[in-house]
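Colleague: fold the following, please.
(one chain, ligands or ions: 1)
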Amino acid sequence: MKILKNYKELSSTVADIVEAQIKEQSKLVLPTGSTPLGLYDELVKRKLDWSLVLTFNLDEYLMNIDHPYSYHSYMKKNLFDRTNIYPNNCHFPFRPTLSFEDKMIKGRGIDLCILGIGSNGHIAFNEPGSTFDSRTRVVDLSLQTLQDNSRFFDSVEDVPKQAITMGLGTIMESKKIVLMVNGTNKLTILNVAMNGEVTEKVPASILQKHNNVEVYYCD
Ligand code: GLP
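Modeller: Here you go, the predicted structure:
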């Protein structure tokens, strides 16, 4: 794990990794949430050429994708509309989930997957109990996640109860994984995930089994 001085440094360090990949015309898996906001700002500032990049988002709520709080809207607002990426090159999990996975896996597969971690150890929307070989699918969100993510909605009742997410098996097929973690409130779960037992009770613990994973943390 690399501990960075502050959020700005976390964002620019991961932006360097993304920038190196973009030059190679790759397939990227991208996260949402508050942690990657600085990363997206930094990438926009760098005025990179996204014209040959394919992106795949980790997850999306089961909701109207045009809703301002959907992950489609989040990505448009924070990254896609601020770069020259082609909208057709931006993918989100959809049904049938097999066609989504086909698009990801086809050719060279995923070069780089950027992840955040939920307070209960979830990655994407793979909640505790998700199997390590899980694929893209519809899931029920845990009470903890509904409560955590209610800050992006008007109230906890407004948070969609279900989502569609890449599976843990899907994520693990990425050639390289970068986990971004921001805030002391995530330290305990990060420690459990990185140094504790590899168990489906802590979805992020599967990352211990990946041979090319980097973890970046700042307070
Ligand atoms: C959501 C997303 C996850 C993300 C997590 C943490 O639940 N589905 O992909 O990692 O939030 O988000 P934050 O960075 O806001 O703490």
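
Colleague: where does the protein dip in pLDDT?
Modeller: Residues of the chain meeting the criterion pLDDT under 70: none.

Colleague: and the residue most central in space within it, what is it in contact with?
Modeller: Geometric centre of the chain, nearest residue: Pro31, 2.5 Å, by CA atoms, centre = their mean. For Pro31, the contacting residues are Asn57, Leu58, Ile114, Leu115, Gly116, Ala124, Met180, by CB atoms under 8 Å, 6 or more residues apart in numbering. C-beta: built from backbone N, CA, C; applies to glycine.

Colleague: same thing with Lys2?
Modeller: Thr13, Glu214, Val215, Tyr216, Tyr217 are the contacts of Lys2 under CB under 8 Å, 6+ apart.

Colleague: what packs against the helix or strand hosting Ala15?
Modeller: Taking DSSP states H and E as the definition, Ala15 sits inside helix 7-22. Contacts defined by 3 or more CB pairs under 8 Å, 6 or more residues apart in numbering; DSSP states H and E place helix 7-22 against strand 27-30, helix 37-45, strand 112-115, strand 176-182, strand 213-218.

Colleague: and the first one, which strands flank it?
Modeller: For strand 27-30, the paired strands and their directions (DSSP bridges) are strand 54-57 (parallel), strand 112-115 (parallel).

Colleague: after the last one, which helix or strand is next?
Modeller: This points to strand 112-115. In N-to-C order, the element after strand 112-115 by DSSP H and E is strand 137-140.

Colleague: contact residues of the protein facing the ligand?
Modeller: Applying CB under 6 Å from any ligand atom, one finds that the chain approaches the ligand through 31-35, 58-59, 116-118, 124-125, 145, 149.

Colleague: now do the same end-to-end measure for stretch 170-178.
Modeller: 15 Å (CA to CA, to the nearest Å).

Colleague: wait, a helix at Leu190?
Modeller: Yes. Leu190: assigned to a helix according to DSSP: H, G, I helix; E, B strand; the rest coil.

Colleague: so what's it closest to, chain neighbours aside?
Modeller: The shortest distance from Leu190 to any non-neighbouring residue, by CB to CB, 6 or more residues apart in numbering, is to Val181 (5.3 Å).
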